[in-house]
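1. okay, sequence plus prediction incoming.
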Amino acid sequence: MSKKRTRPTTTTSSKGSKKPRILPPSPHGPFWNGTTIDPEIITVLVNNKDEAFHYDAETSRLNLVQEVWEHEIIPFLNVKELALFRPTCKWCDKQWQEFLKRNTFCVPEQVPTIDEAMRIGFNLAKQKEYSKEKSLVVVLSEGEHVVEGSWTNASGTVYENTLDTTCSNISFVGQSKDNTTVHGGIGVLNKKNVTVKSLTLTSANGCGLHVEGVEASVEMMGVSFKGCRNSGLVVGSDASVKAAQCEFSENRVFGSS
């Protein structure tokens, strides 16, 4: 027989008594009280994490079917949410593995910004080995994408609003140079098999694309360098860049150097 927990009663005088604190209603429901810190509950959750199972239409009282999860819920999860769901059950882990097999994610549908996409790409490259033939593809939607981070070149010069390409075998693919614009530059230092395709690069603070390093290699197709404060494209003497159907216009210094 379980014991019912009761609160001790206290008697206070009306003099100096405080008014009871009234908390605002929780947006998550009347029984939600935040993340648990109860060690017993945490122990139970940890010890039973491998026993968790996915929704079963035959046993669950929820009126959901497997197709709802696969076609209506999972597609709307971003990469971070999918990763958080992964350890909850074997089925969710399978969805994560399927995501890894695709080698592709979209900005902003699955990742909010191009900077965050690069951070996720760096972490994914630790979990899976990509190659030139099977690169990690970051698909940029129609519209404008702003680079907020910075990149440091080999000599220590810092370029603001320039994406630091932190892994090799990665591709940035827009919808077309007329429909996808990246406000900011892309910096590549000693990273190989980097592809930039079907977008416009415009950098108000520096270069559109800066490539340095003995191992650095970049391929571009259908890229427009427009309105960059410095050169549209800067390539170090040891780096390799291949370009096809690219355009250079209205850059303050050079189209390429």
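-> It's in.
2. which non-adjacent residue is nearest residue 203?
-> Spatial nearest neighbour of residue 203, chain neighbours left out: residue 185 (4.1 Å); criterion: CB to CB, 6 or more residues apart in numbering. Where C-beta positions appear, they are placed from N, C-alpha and C, glycine not excepted.
3. so which residues of the stretch 101-250 of the chain form helices?
-> Ranges of helices in the stretch 101-250 of the chain, per DSSP state H, counting those that start in this stretch, are 114-127.
4. the bottom helix or strand of the protein by mean pLDDT?
-> One helix or strand of the chain scores below all others by mean pLDDT, DSSP states H and E: helix 66-68, with a mean of 71.
5. ok, residues contacting the very next helix or strand once past that helix?
-> Next helix or strand after helix 66-68 toward the C-terminus (DSSP states H and E): helix 79-85. Applying CB atoms under 8 Å, 6 or more residues apart in numbering, the contact partners of helix 79-85 are 74, 77, 92, 95-96, 99, 105, 110-111, 120.
6. tell me where the stretch 51-200 of the chain has strands.
-> For the stretch 51-200 of the chain, the strands defined by DSSP state E, counting those that start in this stretch cover 104-107, 136-140, 143-146, 150-152, 158-160, 162-164, 170-173, 180-183, 185-189, 194-202.
7. most tightly surrounded among those?
-> Among the strands of the stretch 51-200 of the chain, strand 185-189 has the highest mean neighbour count (mean count of other CB atoms under 10 Å), at a mean of 26.
8. can I get the contacts of helix 79-85 in TSV including pLDDT and distance to residue 240?
-> Converted to TSV, the contacts of helix 79-85 look like this (pLDDT from 0 to 100; distance: CB to CB, whole Å):
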residue	pLDDT	distance to residue 240
74	79	40
77	84	38
92	84	41
95	88	38
96	89	35
99	91	31
105	94	27
110	92	31
111	94	28
120	94	26
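9. which of the residues you listed sit farthest apart?
-> Maximum pairwise distance in these, criterion CB to CB, is 18.9 Å, between 92 and 111.
10. how is this protein partitioned into domains?
-> For the chain, automatic domain parsing gives the domain ranges 49-102, 103-252.
11. most packed of those?
-> Looking across these with neighbours counted as mean count of other CB under 10 Å, the highest average goes to domain 103-252: a mean of 19.
12. lowest average pLDDT across the domains of the chain?
-> Comparing mean pLDDT across the domains of the chain, the weakest is domain 49-102, with a mean of 75.
13. can you redo the strands of the stretch 51-200 of the chain as a markdown table with distance to residue 40?
-> Below are these laid out as a markdown table (distance: least, CB to CB, whole Å):
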| stretch | distance to residue 40 |
| --- | --- |
| strand 104-107 | 39 |
| strand 136-140 | 42 |
| strand 143-146 | 47 |
| strand 150-152 | 46 |
| strand 158-160 | 50 |
| strand 162-164 | 45 |
| strand 170-173 | 45 |
| strand 180-183 | 51 |
| strand 185-189 | 50 |
| strand 194-202 | 50 |
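14. figure out which of the ones you listed is closest to residue 237.
-> Comparison of the strands of the stretch 51-200 of the chain against residue 237 by CB to CB identifies strand 185-189 as nearest, at 13.8 Å.
15. each with direction, which strands does the closest one pair with?
-> Here strand 185-189 has these sheet partners by DSSP bridges: strand 162-164 (parallel), strand 209-212 (parallel).
16. redo these as a markdown table? Include distance to residue 180.
-> Formatted as a markdown table, the strands paired with strand 185-189 follow (distance: least, CB to CB, whole Å):
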| stretch | distance to residue 180 |
| --- | --- |
| strand 162-164 | 14 |
| strand 209-212 | 15 |
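17. so what's the closest residue to residue 86 other than its chain neighbours up against?
-> Distances taken as CB to CB, 6+ apart place residue 96 nearest to residue 86, at 4.2 Å, with adjacent residues excluded. By CB under 8 Å, 6+ apart, the contact set of residue 96 is 82-83, 85-86.
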